[in-house]
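1. here are the coordinates; sequence isn't available:
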């Protein structure tokens, strides 16, 4: 009889322990859920524009140095993919190197974090140093096909650009009025690929975020204006677009994501954006 009593008592204790485990995550005071949310909120996920790699890199590294308990991740998938990712709840903040389209603003909102000039790049051996927006549009639409038509050598022009989902491509085609008119020799999936391809082809022309251009290629001026901080910020350099943080409407960010968002859009981030090669937005 004593053994039976001891066995029943043991079963009672086990049932109590199991009940405790079951209610820890769904108790009425929500403490279990809060604990899990606190843990997950320490990772801030960003997804999108490859052109924003330097900007998001500088911002996230500086932020993580000051907030050691927070990790900011970056998935370089392209602007449209990043916008889709935040719309589907697969990341905290989307990154787009273009403004949202009208149909995207129904559920999403944009915050401009920086301004980027789109550099028109050629091979360093190319003699052409300046082009008009009209000439650039004619080159990419196939109306100008030889460099000699714009002051260069007698050689065919090879047009390099980005894939259809690219925010850089959207920005470039909007300014040059070449939407659905471009005749690309190659459509590449990243800014780095465009720069590398142009650097290796003396007849190539391409476009890329100014922040991503290196000395393996040459940027031409556009209508006599070179892309600088001042000319981009005041709008004198015409081929430019916004770098945008995309979030869901009517949905609060996690505490960690909101704090990173506030940092990225504050005056404190201006020097980091400049160091990354982009132009800070004028505050106030």
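-> Received the coordinates, thanks. Just so it is clear, the model here is predicted, and its values are computed rather than measured. Numbers count the residues shown, from 1 in each chain.
2. what's the closest non-adjacent residue to residue 216?
-> Counting by CB to CB, 6 or more residues apart in numbering, residue 199 is the residue found nearest to residue 216 once chain neighbours are left out, at 3.8 Å. (C-beta placed from N, C-alpha, C; glycine too.)
3. For stretch 117-129, what does the pLDDT average out to?
-> Averaged over stretch 117-129, pLDDT sits at 97.
4. Please report how far the residue nearest in space to the middle of the chain lies from residue 68.
-> Geometric centre of the chain, nearest residue: residue 49, 2.9 Å, by CA atoms, centre = their mean. To residue 68, residue 49 is 27 Å away according to CB to CB, to the nearest Å.
5. quick revisit: ok, now how distant is the residue nearest to the centre of the chain from residue 109?
-> 17 Å.
6. From residue 174, how far out is residue 181?
-> 12 Å.
7. likewise residue 243?
-> 15 Å.
8. who has more neighbours, the two?
-> The neighbour comparison of residue 243 against residue 174 (other CB atoms under 10 Å) goes to residue 243, with 28 against 14.
9. quick one: the more buried one and residue 117 touch, right?
-> No. The criterion here is CB atoms under 8 Å, and residue 243 misses it with residue 117 at 10.9 Å.
10. Against which helices or strands is the helix or strand where residue 261 lies packed?
-> Using DSSP states H and E, residue 261 maps to helix 255-264. With contacts taken as 3 or more CB pairs under 8 Å, 6 or more residues apart in numbering; DSSP states H and E, helix 255-264 sits against strand 43-48, helix 53-66, strand 93-96, strand 240-248.
11. how about a cut-off of 6 Å?
-> Applying 3 or more CB pairs under 6 Å, 6 or more residues apart in numbering; DSSP states H and E, one finds that helix 255-264 contacts strand 43-48, helix 53-66.
12. next one: it to chain centre, how far?
-> 16 Å (CA atoms, centre = their mean, to the nearest Å).
13. Show the secondary-structure elements that whichever helix or strand comes after that helix is packed against.
-> Later in the chain than helix 255-264, the nearest helix or strand by DSSP H and E is helix 270-275. For helix 270-275, the elements it packs on are helix 53-66, judged by 3+ CB pairs under 6 Å, 6+ apart.
14. what is the mean pLDDT for the next helix or strand after the helix it packs on?
-> For helix 53-66, the following helix or strand on the C-terminal side (DSSP H and E) is strand 71-76. For strand 71-76, mean pLDDT is 97.
15. Other residues contacting strand 71-76?
-> With contacts defined as CB atoms under 6 Å, 6 or more residues apart in numbering, strand 71-76 is touched by 43, 44, 45, 46, 47, 50, 53, 56, 60, 64, 260.
16. contacting residues for the nearest residue to the third one once chain neighbours are set aside?
-> The spatial neighbour of residue 45 that comes closest, neighbours along the chain excluded (CB to CB, 6+ apart), is residue 91 at 4.3 Å. When contacts are counted by CB under 6 Å, 6+ apart, residue 91 touches 45, 47, 85.
17. Mind pulling up the pLDDT for the residue nearest to residue 216?
-> On the pLDDT scale, residue 199 gets 98.
18. where does it fall, phi/psi-wise?
-> phi -60, psi -20 (degrees, to the nearest 10).
19. before we move on, the earlier item: same list, the helices and strands packed on helix 255-264, but as a markdown table with mean neighbour count please.
-> Below are the helices and strands packed on helix 255-264 laid out as a markdown table (neighbours: other CB atoms under 10 Å):
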| stretch | mean neighbour count |
| --- | --- |
| strand 43-48 | 23 |
| helix 53-66 | 18 |
